[in-house]
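1. Please work out how this folds:
(one chain, ligands or ions: 1)
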Amino acid sequence: MRFKSPTFNLHIFTKHKHMDLSTLAQTLTLHRTESPAVANADDSLCSETTETSPPEPSLKKESSFFGSPDEYLNREARIEKSWSYWKNLGEPKLIVAPMVDNSELPFRILCRNHGAEAAYTPMLHSRIFSENAKYRSEEFTTCKEDRPLFVQFCANNPETLLEAVRRVEAYCDYIDINLGCPQRIARRGNYGAFLMDNLPLIKSLVEKLAYNLHIPVSCKIRIFPDLQDTLNYAKMLEDAGCSLLAVHGRTRDEKDGKKIRANWAAIRAVKNELKIPVLANGNIRHMDDVKNCLEQTGADGVLSAESLLENPALFAGFKTVDQGDLVVEYLKLCEKYPVPWRMIRSHVYKMLVEWFRVHPQVREDLNKQSKLTFEFLYDMVDRLRVLGVTRPLCEGTVSEEKDGGQASLCRELGTGVET
Ligand SMILES: Cc1cc2nc3c(=O)[nH]c(=O)nc-3n(C[C@H](O)[C@H](O)[C@H](O)COP(=O)(O)O)c2cc1C
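-> Now for the predicted structure:
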């Protein structure tokens, strides 16, 4: 449903620490007075909402995951606690990576419905999250099925970071610090991978969370060009109180994940060096990659990003679903858990990339829609089906003779077949 009135509602689904689990999904309604003519149509939410109050910051401040100031756990006990926590979560191995505008609640649930065992939120900006209620309600939504959940923040100030994460720690399993974003915006904002130039600052961010939160802190890093630098860095994070480390096996300058293979050997070296759980990220395009990556790195799980966008059922081995079914399932989730239209648009393009290649005129019709509706999108999937695009997603490594060209299709997509 679209909003025609200058006042429109924002919607958040979240868990409230004082409520029974069955009643945890709740909504937050805010009112905005600016003219819709000024706002980008794709920035509005995709459904109307009902009223409740916003989540409160956690009130318990005296003790932390690692004990109270009088008796913090020693190093060995911290590592043991990090592991027992991970084991209690079921040691998830197949994990949706953090993606700005792309690992939002409906997409996370879609992936969970198809094999993902845990998920990261998109990166949240800690200062803006603390200051801006609209940003909070649009960018962080969750529900009781959305666990285990990593909520990721970028930051360069320990106090600001702590203030932001206090608002969400009751609704997730890890607070993750983004130490890997290589984009210009991160350089300008001095966060993400650009903090690799200031390791004492990184240490202070990790320590601040590790000794003040009730849940563990995790970090997602990129590697340094030099292996020993990477190992020293990872060790420093573990010593500072990081309970789980996700390693993206590319350096800060290796931005193009489609062209540059991730360095699994470096991830293996980090895994061997550390005692906490380590996750591997990079080059996970299908289940064969998952198996090879776990074997070659010894990591405790894998994160996938770009390939999941095209195939959210990647972790299920994509045997029984096709893109149209996935899009319909995703749209239904968006009706249930509203998100800005720009996110929906982005996912529809990515999930239907191959169908659009066969029928570019349908894509052009979508391009023309300055305002989307669910009706339009459901009709578009039906139209594609009538046009005869019903090929299922490819599965693992297949021979081209056997699959009638499906393997080359997968290669084009960057999924399904080793290149
Ligand atoms: C659309 C998009 C958004 C991303 N946003 C984030 C983010 O918010 N935080 C983060 O740590 N990494 C982010 N990444 C990087 C991924 O989490 C991942 O590290 C990277 O894409 C490598 O994994 P892949 O080879 O499976 O794509 C993003 C990647 C993509 C494609």
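2. Excluding chain neighbours, give the residue nearest to R285 in space.
-> Leaving aside its chain neighbours, R285 sits nearest to S307 (4.3 Å; criterion: CB to CB, 6 or more residues apart in numbering). Where you see a C-beta, it was placed from the backbone N, CA and C, and this is true even at glycine.
3. State the helix or strand in which that neighbour lies.
-> Per DSSP states H and E: S307 is located in helix 306-310.
4. close to the ligand, is that helix?
-> Yes - using CB under 6 Å from any ligand atom, helix 306-310 reaches the ligand at 306-307.
5. ok, back up a step: the residue nearest to R285 reaches V290, doesn't it?
-> No - counting by CB atoms under 8 Å, S307 does not reach V290; the two are 10.6 Å apart.
6. ok, which stretches of the stretch 301-419 of the chain are strands?
-> Taking DSSP state E, counting those that start in this stretch as the criterion, the stretch 301-419 of the chain carries its strands at 301-304.
7. For it, what lies in contact range of the ligand?
-> So far as CB under 6 Å from any ligand atom goes, the stretch 301-419 of the chain lies against the ligand at 304-307.
8. if we can go back for a sec, render the CA-only coordinates of the helix holding S307 in CSV, please.
-> Taking Å, rounded to 0.1, in the frame of the first residue of the first chain, the C-alpha atoms of helix 306-310 are listed here in CSV:
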residue,chain,number,x,y,z
GLU,A,306,26.7,-11.2,-3.5
SER,A,307,25.8,-14.8,-4.6
LEU,A,308,23.0,-14.9,-2.0
LEU,A,309,21.5,-11.8,-3.6
GLU,A,310,21.0,-13.7,-6.9
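9. hmm, who's touching it?
-> Identification of contacts with helix 306-310 by CB atoms under 8 Å, 6 or more residues apart in numbering yields 96-97, 99, 102, 111, 116, 257-258, 284-286, 314-315, 347, 350-351, 353-354, 413-415.
10. anything in whatever helix or strand I267 lives in near the ligand?
-> Using DSSP H and E, I267 sits within helix 264-273. No - for helix 264-273 and the ligand, the contact criterion (CB under 6 Å from any ligand atom) is not met; the two come no nearer than 11.5 Å.
11. List the buried residues of that helix.
-> 264, 266-271 (16 or more other CB atoms under 10 Å).
12. Over to stretch 88-108?
-> 89, 92-108.
13. Would you mark the buried spots in stretch 255-264?
-> Under 16+ other CB under 10 Å, the buried positions of stretch 255-264 are 257, 262-264.
14. Now the buried members of the residues of the stretch 301-419 of the chain next to the ligand.
-> So, by 16+ other CB under 10 Å, the buried ones in those are 304-307.
15. Relative to D325, which of the residues you listed is nearest.
-> Nearest to D325 among those is S307, at 18.1 Å by CB to CB.
16. Can you give me the pLDDT of that closest one?
-> According to the prediction, S307 has pLDDT 94.
17. How much space separates it from R112?
-> 16 Å (CB to CB, to the nearest Å).
18. Then L274?
-> Noted for L274: a distance of 27 Å to R112, by CB to CB.
19. Contacts only, for the spatially most central residue of the chain.
-> Nearest to the mean C-alpha position of the chain, by CA atoms, centre = their mean, lies P98 at 2.6 Å. P98 makes contacts with 120-123, 150, 152, 176, 178, 220, 305, as judged by CB under 8 Å, 6+ apart.
20. what sits in contact with each of S307 and V290?
-> Taking CB under 8 Å, 6+ apart as the criterion, S307 and V290 both touch I284.
21. Any regions of the chain where pLDDT drops low?
-> Residue ranges of the chain with pLDDT under 70: 1-41, 47-62, 318-321, 390-419.
22. rerun at 90
-> 1-63, 68-71, 256-259, 317-322, 354, 388-419 (pLDDT under 90).
23. quick one: contacts of stretch 155-162?
-> Residues from elsewhere that reach stretch 155-162 (CB under 8 Å, 6+ apart): 126-127, 130, 153, 164, 177, 189-191, 195, 201, 204-205, 207-209, 212-213.
24. Would it count as contacting the ligand?
-> No - using CB under 6 Å from any ligand atom, we find that stretch 155-162 stays clear of the ligand, coming within 12.7 Å at best.
25. from the chain's centre, how far out does that stretch sit?
-> In terms of CA atoms, centre = their mean, to the nearest Å, the centre of stretch 155-162 is set 20 Å apart from its chain centre.
26. Return the alpha-carbon coordinates of it using PDB.
-> In PDB, the C-alpha atoms belonging to stretch 155-162 read as follows (Å, rounded to 0.1, in the frame of the first residue of the first chain):
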ATOM      1  CA  ALA A 155      32.000   3.500  14.700                       C
ATOM      2  CA  ASN A 156      35.100   5.400  15.500                       C
ATOM      3  CA  ASN A 157      34.100   6.500  19.100                       C
ATOM      4  CA  PRO A 158      33.700   3.900  21.900                       C
ATOM      5  CA  GLU A 159      31.200   5.900  23.800                       C
ATOM      6  CA  THR A 160      29.000   6.600  20.800                       C
ATOM      7  CA  LEU A 161      29.200   3.000  19.800                       C
ATOM      8  CA  LEU A 162      28.100   1.800  23.300                       C
END
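27. now the helices for the stretch 151-300 of the chain?
-> 158-166, 184-189, 199-210, 227-240, 264-273, 287-297 (DSSP state H, counting those that start in this stretch).
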